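**Q** Got a predicted model here, sequence first, then my questions.
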Amino acid sequence: MAYSLSRLNAAIRSDPAGFAEECDAAFAKKVETAARKIADHRSTSRVILLSGPSGSGKTTTALKIEEALERLGIETHTVSMDNYFNTFDPETTPRTREGAVDYESPFCLDVDLLSRHFSMLDRGETIHVPKYEFARQMRSDTLSHPMRLGPDELAIFEGIHALNDIIVGRNPRAFKLYIAARSNLVDDEGKVVFQHAWLRLCRRLVRDFQFRGSDAAFTLKLWPNVRRGEKLYISPYKENADLMFDSSLAFEFAVLKPLAVPLLEAVGPGKYPVVDDMLAAFDRIEAMDEASVAPDSLAREFIGGSAYDNH
């Protein structure tokens with residue numbers, strides 16, 4: 001699917017809040033569809049595996065699916081697979097060909113523990129979900145919390161590697177969901193103005209700045225390795241999904257513009273070709289004030305002010 005630049009600009013000029021509401025409603029329908037399919041599958045497995053590349057909105061989508069399932073009377077728990085990272089060990093941690101630590105590798109996860117927990121949950125047994133302390137690069141069992149699924153309860157495990165064969169192969173009965181921002185912005189002739197990969201990059205740029213105070217140079221430096229990891233470990237396994245859907249929102253190109261452009265301009269011309277290309281594309285897009293975005297919109301995961309901030 002592709003979004004129209006002319007329709008986007010016209011909507012932003014005439015009724016940005018109404019357009020954002022329309023986009024959010026379309027995304028909500030996708031969430032409802034996923035929830036119904038998951039509900040129909042729960043007699044097969046109580047575990048849902050949700051995957052997608054960086055900047056896809058996995059966290060908010062998981063919480064929205066959780067809400068949709070609860071409206072169907074199904075209590076749901078969302079678990080970040082990041083908590084299953086192995087404690088850092090310089091001798092065993094995966095590395096790239098250049099010898100750097102490969103933080104994008106699925107082998108950074110404790111796959112054995114994950115699979116054991118999935119099986120235990122399906123049997124109605126209690127697991128202890130660990131807590132990963134990123135500051136210390138170690139998994140803490142003392143900070144773990146117990147979880148046991150009742151007769152009509154489900155658990156969503158979200159993470160970039162959830163659909164990788166090393167996980168899915170051991171847990172084929174789990175419901176598998178893949179989300180990604182997959183739509184380009186095109187002009188009236190069908191030519192791409194703003195690529196979907198750029199949308200994800202801008203989501204990350206803005207989020208890294210809003211929540212971490214990181215400048216664009218920090219995110220841009222990491223991006224090639226993120227993309228390498230996606231091509232090696234994520235995209236090849238999307239066909240494992242029982243359901244795939246697009247998490248892009250048409251108004252995001254406009255609402256990200258006033259937030260992303262200053263960050264991109266601060267990088268300076270010529271350092272990253274993608275920066276120059278994105279800035280040229282943003283020149284053709286009307287800017288949208290984030291005040292027009294609802295607190296529960298998926299876009300809030302990246303621009304801040306989310307209704308899920310305290311979830």
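**A** Yes, it's here.

**Q** and the helix or strand containing residue 22, how far from the chain's centre?
**A** If you go by DSSP states H and E, residue 22 is part of helix 16-41. Centroid displacement of helix 16-41 relative to its chain, using CA atoms, centre = their mean, to the nearest Å, is 16 Å.

**Q** With stretch 287-297 instead?
**A** 19 Å.

**Q** do stretch 259-274 as well
**A** Distance, stretch centre to chain centre, for stretch 259-274: 23 Å (CA atoms, centre = their mean).

**Q** Walk me through which strands the lowest-mean-pLDDT helix or strand in the chain pairs with, and which way each runs.
**A** Least confident helix or strand of the chain, by mean pLDDT, DSSP states H and E, is strand 138-147 with a mean of 90. Strand 138-147 has the following strand partners under DSSP bridges: strand 127-133 (antiparallel).

**Q** List the contacts of the partner strand.
**A** The contact list for strand 127-133, computed with CB atoms under 8 Å, 6 or more residues apart in numbering, reads 79, 82-85, 113, 117, 120-121, 138-141, 143-148. C-beta coordinates here come from the backbone N, C-alpha and C atoms, glycine included.

**Q** Next, the buried residues of it.
**A** By 16 or more other CB atoms under 10 Å, the buried positions in strand 127-133 come out as 127, 129-132.

**Q** Please apply the same query to stretch 143-162.
**A** Under the neighbour-count criterion of 16+ other CB under 10 Å, stretch 143-162 has 147, 149, 153-162 buried.

**Q** and the helix holding residue 22, what's its mean pLDDT?
**A** Average pLDDT, helix 16-41: 97.

**Q** now do stretch 104-118
**A** Per-residue scores along stretch 104-118 average to 93.

**Q** Which member of the buried residues of strand 127-133 is positioned nearest residue 215?
**A** Of all the buried residues of strand 127-133, residue 215 sits closest to residue 132, with 25.6 Å by CB to CB.

**Q** From residue 235, how far out is the closest one?
**A** 24 Å (CB to CB, to the nearest Å).

**Q** Can you pull out the low-pLDDT segments for this protein?
**A** Scanning the chain with the threshold set as pLDDT under 70 gives 307-311.
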